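**Q** Sequence first, then the predicted structure, then my questions.
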Amino acid sequence: MEEVAAAAIVDARGTVTGWTEGARRLTGYAAEEVVGRAAQGLLAEDVSPPVLTALTGTVVLRHRDGGSFPLRVSAYPVLGVDGEAQGFVVTTTPEAAESLVVALAYQQAPVAMSVYDTQLRFLRANDRAAELLEAEADTLAGQRFADLLSEDDEPGWHFHRSLRQVTETGRPVHYENHTRPLPQHHENAWTIDMWPVLDATGEVTAVAVAAVDETEQYSARRRLMLLNEAAVVIGTTLDVPRTAEELLEVVVPRFADFASVDLLGWVLGQDERPTERGDPVVRRIAHRSVTEGTPEAAVRLGDEDIYLPHSPPARALRECRAVLRRAGEADFDRWVQERNARDVGDPAARNGAHSLMAVPLMARDTILGVAVFVRIRNPDPYAADDTVFAEELVSRAAVCIDNARRFARERSTALALQHSLLPRALPGPVGLEVAHRYVPSGSTAGFGGDWFDVIQLSGSRVALVVGDVVGHGIGSTATMGRLRTAVRTLADVDLAPDELLTHLDDLVSHLASEGAGDEVAELGATCLYAIYDPVSRRLDLAAAGHPAPAVLQPDGSAHLVTMSAGPPLGVGGLPFECLRLELPEGSLIALYTNGLIRGHRRDLDCGTNALCHALEVPKDSLDALCDGVLKAVLPDEPGDDVALLMARTRALGADRVATWDVPTDPAYVATARQNAIDRLAEWGLEETAFVTELVVSELVTNAIRYGGSPIRLRLIRDRSLICEVFDGSSTSPHLRRAHAFDEGGRGLLLVAQLTQRWGSRQTDQGKTIWAEQPLPG
């Protein structure tokens, strides 16, 4: 007898009286579920009794899970004593059972599987394929696949063309479809394999298809790609609105049809922490839509908005988590109605909105605002896994926004500090016409320590200063302020440029040794100090690691001054060299920091050549020339701060200066007084004669008594009347309080009280004592 895989006993009335374990495994029914029941109930179709009387035959059984399958069985009669059949033993062979298991596996596979003949008619489709086609598996046999397609079903026709390609070429086809390979309500992703079924002669007799649904994996990959793209795209600048726009560029249209970013009011201000109470007040800084013009927006960019407590964004801010809402839910419908009631945007553009997600922007345990994503055209509503993705995406953007906010706050602080340290209005000395520009850095490094200054010195001379503390941030700005103050203090002592830089170098070294000048100690500082004398038309200058100035001659040619740059400040122990130039009247001096001539894609020579060419372009005014130089030389986004100081020289003519040599004989003091009085009369300044006579007497007498030859007296008519006395002694005078019975000691005190200011300065041959008094109004 052949081997039996399963067996059942059916009596003459058709009732099951015996059921083996193999039958249970084959049909899914346990013995207690079957014994005593009519065998007809196990069949998927009506079967007449003669079938059971046959030795072998095929029946269609109904599996316990509801499916049906054909099975080849053998029926053996059980004979009674009278020789009549009292029942039947129904068996199936292992081969038949194995074939049945294979058929069940095919029918129940989660993969959509189907077989087509060479005319592209269905031979068989499993349950998953029938489900996708919205049909019953039994009804598909014999139908042409093309008959199930509509004219505009491009994925379906692509599937049909691929089937025909397999039948015609006999070669398998593999492709991926990220739309719909078969009619679907929503977008799916599929991996489709088609291969030919060959007979013994190698001819194509059918085409088999397996379609694997990879929608979940595809969605996960797409989200991962968006997150990776966000890591690259978001935060490319330290600008808060731009960072929000970068977030929306990532999500629209791939994740949302409309999206917006609203920040709490304090984020865009100067406060470090929120101060609002009650309903959150936000400001719209970015929105984006798949529709041009963003008609869905109910708030204009830059406008404030108040989130009502019931709204999804308010809940997201309050609960610090993503909030999902769909059309038909009270919160969603009230939100849309409230938006439609406004006079901003187009309510019609919001028709079809069916799903909304509000995600709080949270960074460093601080709520900054909320991002809102809305789906209108996309038919898929937001699901729970979308919230995980959105929270991860928005959290990355929130950190970038917080970084931008912190940078903006520090930048604003540094800018305010720098503006307070830089000169707001430069003096307009007679000897020079000046103009200046300061351009903050366009990089994310922050403000640097560039500075400039114009200092009025004695004798109508003018000091021009440009410096740079290398580095960025508030520390560099504060150090710049210290150095600028130090330069002004040293300039009041009337030191020569090289001597002033030597003292400034000592100061920087001292700051570094105390740890108070970390920016200087680590990165260094540079400075250029120049003094212009309009009487002699002489320019004395020295540099500490700073670029040389450019000079534009009256004939229109420009060149760089050839000079020794010297070591940067803070190096210590190295000398500075003073260069002396005589400039024709009308010459132009351009002092600058290296941010003007240095760029990412050019060397210093290219920058200085561009500067000289820009200076040679004629302009109507010095301010216009400054603008022209910046436009021609400066990069669009300078990587460093830029300070530019321009000065056009003027000369004090002989009609404004009077000089006399004075012998070392006290008898000549009266002659000196008379010479001065006569010159004041020529200038029409008789009102100043009394004070000037006293000043000349005192200064000339002191020079004869305590100084030495040569002695010269000089009067300068500038914006004030300046009296100077040169002598060969290097000993500087000082004020002292004379006692009641002292014969001298009161002259300098009178000079100090009668004049606007007075002082002394060292010269190459000795010293000069000077005093200024205002001209009559």
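**A** Happy to help now that I have it. The structure displayed is predicted, hence computed values, not measured ones.

**Q** packing partners for the longest helix that the chain contains?
**A** Longest helix of the chain, by residue count under DSSP state H: helix 384-421. Helix 384-421 is packed against helix 215-233, helix 240-251, strand 323-326, strand 355-363, strand 366-375, helix 474-492, with contacts defined by 3 or more Cβ pairs under 8 Å, 6 or more residues apart in numbering; DSSP states H and E. (C-beta placed from N, C-alpha, C; glycine too.)

**Q** Can I get those in JSON lines including distance to Glu582 and mean neighbour count?
**A** Shown next, in JSON lines, are the helices and strands packed on helix 384-421 (distance: least, Cβ to Cβ, whole Å; neighbours: other Cβ atoms under 10 Å):
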{"stretch": "helix 215-233", "distance to Glu582": "58", "mean neighbour count": "14"}
{"stretch": "helix 240-251", "distance to Glu582": "52", "mean neighbour count": "21"}
{"stretch": "strand 323-326", "distance to Glu582": "77", "mean neighbour count": "20"}
{"stretch": "strand 355-363", "distance to Glu582": "61", "mean neighbour count": "24"}
{"stretch": "strand 366-375", "distance to Glu582": "62", "mean neighbour count": "24"}
{"stretch": "helix 474-492", "distance to Glu582": "22", "mean neighbour count": "19"}
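
**Q** Out of the ones you listed, flag the one nearest Ala390.
**A** Between Ala390 and the helices and strands packed on helix 384-421, the shortest separation by Cβ to Cβ is 4.9 Å, and it involves strand 355-363.

**Q** Apart from its neighbours in sequence, what residue is nearest the residue nearest the centre of the chain?
**A** Against the mean C-alpha coordinate of the chain, by Cα atoms, centre = their mean, the closest residue is Thr237 at 1.9 Å. The spatial neighbour of Thr237 that comes closest, neighbours along the chain excluded (Cβ to Cβ, 6 or more residues apart in numbering), is Thr243 at 6.8 Å.

**Q** my guess is the one you found meets Ala398, correct?
**A** No - proximity of Thr243 to Ala398 does not meet the contact threshold set by Cβ atoms under 8 Å, at 9.5 Å.

**Q** The residue nearest to the centre of the chain falls within a helix, correct?
**A** No - in this structure, Thr237 is coil, not part of a helix, as judged by DSSP: H, G, I helix; E, B strand; the rest coil.

**Q** Surely it touches Ala244?
**A** No - here Thr237 lies out of contact with Ala244, judged by Cβ under 8 Å, at a distance of 11.1 Å.

**Q** What are the structural domain limits within this protein?
**A** The record's domain parsing of the chain by automatic domain parsing lists 6-105, 109-213, 218-412, 422-649, 655-774.

**Q** Can I get the ones you listed in TSV including mean pLDDT?
**A** Compiled in TSV, the domains of the chain are given as follows (pLDDT from 0 to 100):
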stretch	mean pLDDT
domain 6-105	76
domain 109-213	82
domain 218-412	87
domain 422-649	84
domain 655-774	85
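
**Q** Who are the contact partners of Val399?
**A** 235, 363-364 (Cβ atoms under 8 Å, 6 or more residues apart in numbering).

**Q** and the helices and strands packed on helix 384-421 as TSV, adding distance to Glu682?
**A** Supplementary listing: the helices and strands packed on helix 384-421 in TSV, determined by distance: least, Cβ to Cβ, whole Å:
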stretch	distance to Glu682
helix 215-233	76
helix 240-251	66
strand 323-326	89
strand 355-363	75
strand 366-375	74
helix 474-492	32
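
**Q** And the ones you listed: which comes nearest Ala31?
**A** Closest to Ala31 of those, according to Cβ to Cβ: helix 215-233, at 40.5 Å.

**Q** If I take that closest one and helix 240-251, what angle do their directions form?
**A** Put simply, helix 215-233 runs at 150 degrees to helix 240-251, going by axes from the mean of the first three to the mean of the last three Cα atoms, to 10 degrees.

**Q** which other helices and strands contact helix 215-233?
**A** Contact partners of helix 215-233 among helices and strands, from 3+ Cβ pairs under 8 Å, 6+ apart: helix 240-251, helix 384-421.

**Q** Can you tell me which of these is most buried?
**A** Ranked by mean neighbour count under mean count of other Cβ atoms under 10 Å, the helices and strands packed on helix 215-233 are led by helix 240-251, which reaches a mean of 21.

**Q** Can you pull out the residues in contact with that one?
**A** Contacting residues not belonging to helix 240-251 are listed as 226, 229-230, 233-237, 259-261, 263, 267-268, 285-288, 371, 373, 393-394, 397, 400-401, 404-405, 408 [Cβ under 8 Å, 6+ apart].

**Q** Kindly tell me how buried Ala105 is, as a neighbour count.
**A** Applying the criterion other Cβ atoms under 10 Å, we find 11 residues in the vicinity of Ala105.

**Q** mind checking the SS state of it?
**A** The assignment at Ala105 comes out as helix when based on three-state DSSP.

**Q** how near is it to Thr27?
**A** For Ala105, the distance to Thr27 equals 15 Å [Cβ to Cβ, to the nearest Å].

**Q** cool, and Ser730?
**A** 123 Å.

**Q** Which strand in this structure has the most residues?
**A** Of all segments of type strand in the chain, defined using DSSP state E, the longest is strand 68-79.

**Q** what helices or strands is that one leaning on?
**A** Strand 68-79 packs on helix 50-53, strand 56-62, strand 85-92, helix 94-108, going by 3+ Cβ pairs under 8 Å, 6+ apart.

**Q** how big is the angle separating it from strand 56-62?
**A** Relative orientation of strand 68-79 and strand 56-62, computed by the same axes, to 10 degrees: 130 degrees.

**Q** May I have strand 68-79 as PDB, with CA atoms only?
**A** Extracted C-alpha coordinates of strand 68-79, given in PDB (Å, rounded to 0.1, in the frame of the first residue of the first chain):
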ATOM      1  CA  SER A  68      -9.600  26.600  -0.700                       C
ATOM      2  CA  PHE A  69      -7.200  24.200  -2.500                       C
ATOM      3  CA  PRO A  70      -7.500  21.200  -4.700                       C
ATOM      4  CA  LEU A  71      -6.200  17.900  -3.400                       C
ATOM      5  CA  ARG A  72      -5.900  14.500  -5.000                       C
ATOM      6  CA  VAL A  73      -7.300  11.800  -2.700                       C
ATOM      7  CA  SER A  74      -8.000   8.100  -2.700                       C
ATOM      8  CA  ALA A  75     -11.100   6.500  -1.200                       C
ATOM      9  CA  TYR A  76     -11.100   2.900   0.000                       C
ATOM     10  CA  PRO A  77     -14.400   1.400   1.000                       C
ATOM     11  CA  VAL A  78     -14.900  -0.300   4.300                       C
ATOM     12  CA  LEU A  79     -17.000  -3.400   3.700                       C
END
